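1. pasted the sequence and its predicted model underneath.
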Amino acid sequence: DAGITQSPRYKITETGRQVTLMCHQTWSHSYMFWYRQDLGHGLRLIYYSAAADITDKGEVPDGYVVSRSKTENFPLTLESATRSQTSVYFCASSDRTSGNPYEQYFGPGTRLTVT
Amino acid sequence: RKEVEQDPGPFNVPEGATVAFNCTYSNSASQSFFWYRQDCRKEPKLLMSVYSSGNEDGRFTAQLNRASQYISLLIRDSKLSDSATYLCAVNGAYSSASKIIFGSGTRLSIRP
């Protein structure tokens, strides 16, 4: 049972480059989320998706783009990476049909460094 | 005021001790509450949901106090392996799409 996976696990990129972080889940969960985690800020929601082709902004969406053409995939793209986007990025999912649709399950994270 | 607040700690307690954390939330309409555990450089993992009547899972007890708007996590007979950061999470104000808001976490260190 693969669950939720993220790739790459580590990425170093230069300022101005476009970077895409991948998230894949095998549970067919309807909801998917992208968070960033920084010291002093905790987990902050970037974007979320309620289903394929339905996405919405979270708390800190600027500089990021998402898409969700298939239920199982939710890629996050940094259009032009900046140093302030150096962070750990977590993808999460939850199941609308479960007993508690707010229970979220996280991928292993991607550590992104922008130089 | 933050929607979800936790004492960042660190809490440094001896093995075998009992330790408790609180987490306050600002939205009185919140109905879903969780505790997550996060080990260093790892993803948050769901530890337990918090139910209105309180619930227990082995050495862990979670409580909800709606009147004062906080949840608590009690760890009894703490083990070295309990050392981690504990995050509380609450569904936010008028949230849709199953969004939850996380506290910044309380760091727990168990010493031998």
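-> Cool, the structure landed. Quick caveat, the model's predicted, so the values are computed rather than measured.
2. quick one: pLDDT of B:Tyr94?
-> The model reports B:Tyr94 with a pLDDT of 56.
3. so how far is whichever strand or helix holds A:Ile12 off the chain centroid?
-> Element membership of A:Ile12 [criterion: DSSP states H and E] is strand A:10-13. The chain centroid and the centroid of strand A:10-13 are separated by 15 Å under Cα atoms, centre = their mean, to the nearest Å.
4. so where's chain B shaky on pLDDT?
-> Scanning chain B for pLDDT under 70 picks out B:93-97.
5. strands of that one, start to end?
-> Ranges of strands in chain B, per DSSP state E, are B:4-6, B:11-14, B:19-25, B:33-38, B:44-50, B:55-57, B:60-65, B:70-75, B:84-91, B:100-102, B:106-111.
6. turn the ones you listed into a markdown table, columns for mean neighbour count.
-> Any C-beta I mention is one placed from the backbone N, CA and C, and that applies to glycine too. Below are these laid out as a markdown table (neighbours: other Cβ atoms under 10 Å in any protein chain shown):
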| stretch | mean neighbour count |
| --- | --- |
| strand B:4-6 | 21 |
| strand B:11-14 | 15 |
| strand B:19-25 | 20 |
| strand B:33-38 | 23 |
| strand B:44-50 | 19 |
| strand B:55-57 | 12 |
| strand B:60-65 | 18 |
| strand B:70-75 | 20 |
| strand B:84-91 | 25 |
| strand B:100-102 | 24 |
| strand B:106-111 | 18 |
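7. out of those strands, which gets nearest to A:Thr26?
-> A:Thr26 lies closest, by Cβ to Cβ, to one member of the strands of chain B: strand B:44-50, at 17.4 Å.
8. just the C-alphas of the closest one, formatted as CSV.
-> Taking C-alpha atoms only, strand B:44-50 is exported to CSV below (Å, rounded to 0.1, in the frame of the first residue of the first chain):
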residue,chain,number,x,y,z
PRO,B,44,3.2,14.8,10.6
LYS,B,45,1.4,11.6,11.5
LEU,B,46,-2.0,11.4,12.9
LEU,B,47,-1.8,10.4,16.5
MET,B,48,-5.5,10.6,17.5
SER,B,49,-8.7,12.4,16.9
VAL,B,50,-10.2,14.2,19.9
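9. list the neighbouring strands of it plus their orientation.
-> Using DSSP bridges, strand B:44-50 pairs in its sheet with strand B:33-38 (antiparallel).
10. sorry, back to before: out of the strands of chain B, the one nearest A:Gln85 is which?
-> Once the strands of chain B are compared by Cβ to Cβ, strand B:100-102 is nearest, at 19.4 Å.
11. elements contacting the closest one?
-> Identification of packing neighbours for strand B:100-102 by 3 or more Cβ pairs under 8 Å, 6 or more residues apart in numbering or on different chains; DSSP states H and E yields strand A:42-51, strand B:84-91.
12. save those strands as a markdown table, and put in distance to A:Thr26 too.
-> Shown next, in a markdown table, are these (distance: least, Cβ to Cβ, whole Å):
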| stretch | distance to A:Thr26 |
| --- | --- |
| strand A:42-51 | 16 |
| strand B:84-91 | 23 |
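13. residues near the residue nearest to A:Gly40 when sequence neighbours are not counted, how many?
-> In space, and not counting its chain neighbours, A:Gly40 is closest to B:Ser104: 7.6 Å by Cβ to Cβ, 6 or more residues apart in numbering or on different chains. Counted with other Cβ atoms under 10 Å in any protein chain shown, the neighbours of B:Ser104 add up to 20.
14. much appreciated, bye for now.
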